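1. would you be able to build a 3D model of this:
(one chain, ligands or ions: 2)
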Amino acid sequence: MPSDYQTLYLRSLEDPEGFWAQAAGDIHWERKWERVLDDSRRPFYRWFAGGVLNTCHNALDRHVEAGRAEQLALIYDSPVIGTVKRYTFRQLRDTVARFAGVLRQQGIQKGDRVIIYMPMVPEAVVAMLACARIGAIHSVVFGGFAGNELAKRINDAEPKLIVSASCGIEPGRVIEYKPLLDEALALSTAAPSRCIILQRAQAKAALTPGRDLDWDEAMANATPVDCVPVAATDPLYILYTSGSTGIPKGVVRDHGGHAVALKWSMRNIFGVAPGEVFWAASDVGWVVGHSYIVYAPLLHGCTTILYEGKPVGTPDPGAFWRVVSEHGVCTLFTAPTAFRAIKRDDPNGEHVKRYSRDKFRALFLAGERCDPDTLLWAQRQLNVPVIDHWWQTETGWPIVANPIGIEKFPVKPGSATKPVPGYDVRVLNSEGKEVSAGTIGSIVIKLPLPPGTLPTMWNNDQGYKKYYLDPYPGYYLSGDAGYKDEDGYVWIMSRIDDIINVAGHRLSTGAMEEVLASHPDVAECAVIGTADELKGELPLGMIVLKAGVNRSHQQIVSEIIQLVRDKIGPVAAFKQATVVKRLPKTRSGKILRGTMRKIADGQEYKVPPTIDDPAILGEISESLKTLGYPKPQG
Ligand code: COA
Ligand code: AMP
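-> Ligands and ions are numbered 1, 2, ... in the order given. All right, here's what the predicted structure looks like:
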């Protein structure tokens, strides 16, 4: 059968059921599906309805049985604690089966939720796969979030158990997780009665008697359990992601479509074969970590790397090349910000030259817009294709990419290349009409979305409809703006909502504004994303004080900075704020965040005709100058 991109792409849209049924042949099913695509409840679609499988079986047991038992499944490489630990597929399967036994002993059943709040340790992967093994639904919360954010996720997911660790390690400091967990449990309205805590040598946590169990002790007393068959349409996990407000969105992922799409993506998008070493330098707390540290490489029979370190400073900007060389990585996936950090510290690639990269074939970048400079620099240093691809927590795998496993297109720096088979990507104007090539609009995907993408939001079908489907009936709203060029390449330019992207981390300015507004001296506030050479964007807060407040502005600013760190977490990187007399608004009271952003970034802007008082823009410009805005770029 011809397998060029155009043929495959058209087939995926014209005959999605045939296309995905064929891909599903690469997954082991306990019972075959009754319908490939169940569209009986439009606009809610279900893939592989009636099918039964187990994701953990497909990721581990299946490979053990098929001759990969002694192949490495997972390499844990931690420069921050100076450890490398290797697990074969057999060892990982046995460890996961035993931890599944721990979960079972604690009464966890199919459909129960388990929150995993852990640093980048192998036990986080073990806990995820153990949930999958018994059909429990995991929800991993990124370690850089504060207790308050963890509490929001506990309230929504209502977990029966939380798995955590005594600490995480950031360069130069140990982050104690247990106090954050305890704070979250105290704040939450749905705290579970049981936690399992992994004690790390760098900081031991005091366990709460009757509630907390020690990971090692629980493992020692557990009996391994087998995989439980689950419906293809059952949830495998919930992953919370930032929306426009302070309430995170619970993206649901199912078992069947997810396994099929991820396995397919490894060969067709990433061009990787079973048995090779694939490394996604991300965190298990993000979707990239879920899909490309844990599930996709293991489903595909690859060795995956779990890296507990940074691109620079652990110990130097050669860190990535050491890992690539030492473990024989063929494909690396990371965020552009990591490369901007490496480029900043090693502009001439001296550290790149220190290591051999015999097996290294491709670098994939995603998570934020990739600036052409960084892409070209990486290409020059590494002499391999550098591939930008676009996707989101909601889709779980790439929407637009240069699918090198099918056909490699010429790279156009700044574009993520072409829509991936399965995704009918369109660009619409505000009236919902398709725009011509080169015109910017809202990027949408015609329904149905392919397998592996979100079928809904956790306990919130209506929210799913409202945020993603109602704005343009028949389409999924991505939340990104961009255009297609004459060659069909897709260019992702910006968000259309209040989401910003800080070092590849998706954050809500609305959530930060809620925190600022909770300060007793703040009358109103705005948070905008400003351009940053390293992290892509950085949040900047502007606050108006309540009448009569005459405390030091500097003091209030440092209090609100601390408040965001305490309530959202260090990952927000909220470090700049200023007091202003008033905020620019339209006559109907809408804060002109976009205009303020342009002022901060030194871009030209038009004074909006609906502005209440144009003089305020001059005041904002003066206040921003005191913080060094606009920053010199280049
Ligand atoms: N637990 C606790 N704190 C964490 C954390 C975690 N898991 N991850 C990050 N933090 C803290 C950091 O220590 C830092 O704290 P600080 O304000 O005290 O310095 C803060 O959160 C911001 O972290 P980060 O954005 O990682 O910035 P950095 O300055 O430490 O490092 C980079 C900059 C570019 C090296 C880093 O952002 C990076 O490696 N980015 C890659 C992004 C990525 O993998 N994205 C995933 C999507 S693909
Ligand atoms: P997340 O859900 O955290 O993965 O963030 C998804 C968002 O990150 C997307 O909606 C985009 O705004 C942005 N993003 C991810 N990858 C890219 C890319 N390759 N180019 C531009 N923006 C990207």
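
2. Thr439: which element?
-> For Thr439, there is no host helix or strand (DSSP states H and E).

3. which residue is the nearest non-sequential neighbour of it?
-> The shortest distance from Thr439 to any non-neighbouring residue, by CB to CB, 6 or more residues apart in numbering, is to Tyr483 (5.8 Å). Using the backbone N, CA and C atoms, a C-beta is placed for each residue, glycine as well.

4. now for the helix or strand hosting that neighbour, which elements pack on it?
-> Counting by DSSP H and E, the element that carries Tyr483 is strand 475-484. Strand 475-484 is packed against strand 425-428, strand 441-446, strand 490-495, with contacts defined by 3 or more CB pairs under 8 Å, 6 or more residues apart in numbering; DSSP states H and E.

5. just the CA trace of the first one, in CSV.
-> Only the C-alpha atoms of strand 425-428 are listed here, as CSV (Å, rounded to 0.1, in the frame of the first residue of the first chain):
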residue,chain,number,x,y,z
VAL,A,425,-6.8,21.3,10.7
ARG,A,426,-8.6,24.4,9.6
VAL,A,427,-8.1,28.2,10.1
LEU,A,428,-11.3,30.1,10.7
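
6. how far does it sit from the chain's center?
-> Here strand 425-428 is found 23 Å from its chain centre; the criterion is CA atoms, centre = their mean, to the nearest Å.

7. with the second one instead?
-> The chain centroid and the centroid of strand 441-446 are separated by 20 Å, computed with CA atoms, centre = their mean.

8. give the buried residues for the next helix or strand after it.
-> Proceeding N to C from strand 441-446, the next assigned helix or strand is helix 461-464, under DSSP H and E. Buried residues in helix 461-464, counted by 16 or more other CB atoms under 10 Å: Gly463, Tyr464.

9. repeat that for stretch 608-627.
-> Residues Pro608, Ile611, Asp612, Ile616, Leu617, Ile620, Ser623, Leu624 are the ones in stretch 608-627 that count as buried (16+ other CB under 10 Å).

10. need the residues that contact that stretch.
-> Here stretch 608-627 makes contact (CB atoms under 8 Å, 6 or more residues apart in numbering) with 540, 542, 576, 578-588, 592, 595-596, 599-600, 607, 630.

11. name the strands paired with the strand holding Tyr483 and say parallel or antiparallel.
-> When pairing is defined by DSSP bridges, strand 475-484 lines up against strand 441-446 (antiparallel), strand 490-495 (antiparallel).

12. so what's Pro451 up against?
-> Pro451 sits next to Trp20, Ala23, Trp47, Phe48, Gly256, Gly257, His258, Val260, Ala261, Gly422 when contact means CB under 8 Å, 6+ apart.

13. that one and Ile499, how far apart?
-> Distance, Pro451 to Ile499, using CB to CB, to the nearest Å: 25 Å.

14. for Val502, phi and psi?
-> When read as degrees, to the nearest 10, the backbone of Val502 gives phi -110, psi 110.

15. now for the longest helix anywhere in the chain, which elements pack on it?
-> In the chain, taking DSSP state H as the definition, the longest helix is helix 89-105. Helices and strands touching helix 89-105, by 3+ CB pairs under 8 Å, 6+ apart, are strand 72-78, helix 122-134, helix 215-220.

16. need the winner for burial among those.
-> helix 122-134 (a mean of 27; mean count of other CB atoms under 10 Å).

17. between strand 72-78 and that one, find me the angle.
-> For helix 122-134 against strand 72-78, the angle by axes from the mean of the first three to the mean of the last three CA atoms, to 10 degrees is 150 degrees.

18. against ligand 1, how distant is the residue of the stretch 251-400 of the chain found nearest ligand 2?
-> The stretch 251-400 of the chain approaches ligand 2 most closely through Thr393 (3.4 Å), counting by CB to the nearest ligand atom. Per CB to the nearest ligand atom, to the nearest Å, Thr393 is found 10 Å from ligand 1.

19. wait, isn't that residue in contact with Thr241?
-> Yes: with contact defined as CB atoms under 8 Å, Thr393 counts as touching Thr241 (4.0 Å).

20. overlap of the contact sets of these two?
-> Shared contacts of Thr393 and Thr241 (CB under 8 Å, 6+ apart): Val251, Val287, Arg506.

21. dump the residues you listed to TSV, plus neighbour count, distance to ligand 1 and secondary structure.
-> Compiled in TSV, the shared contacts of Thr393 and Thr241 are given as follows (neighbours: other CB atoms under 10 Å; distance: CB to the nearest ligand atom, whole Å; DSSP: H, G, I helix; E, B strand; the rest coil):
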residue	neighbour count	distance to ligand 1	secondary structure
Val251	25	15	strand
Val287	24	8	helix
Arg506	19	8	strand
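
22. out of the helices and strands packed on helix 89-105, nearest to Trp377?
-> Closest to Trp377 of the helices and strands packed on helix 89-105 is strand 72-78 (CB to CB; 24.5 Å).

23. counting contacts, what elements does the closest one pack onto?
-> Secondary-structure packing of strand 72-78 (3+ CB pairs under 8 Å, 6+ apart): strand 83-88, helix 89-105, helix 122-134, strand 303-307, helix 319-327.

24. after the last one, next one along is what?
-> The reference is to helix 319-327. strand 329-334.

25. please, where are all the helices along the stretch 201-350 of the chain?
-> 215-220, 256-268, 287-289, 296-299, 319-327, 336-345, 350-353 (DSSP state H, counting those that start in this stretch).

26. highest mean neighbour count out of these?
-> Here the criterion is mean neighbour count by mean count of other CB under 10 Å, and of the helices of the stretch 201-350 of the chain the winner is helix 296-299, at a mean of 28.

27. got the residues of the stretch 201-350 of the chain near ligand 1?
-> Within the stretch 201-350 of the chain, the residues that sit near ligand 1 (CB under 6 Å from any ligand atom) are Ser282, Asp283, Trp286, Val288, Lys310, Pro311, Val312, Thr334, Ala335, Thr337, Ala338, Ala341.
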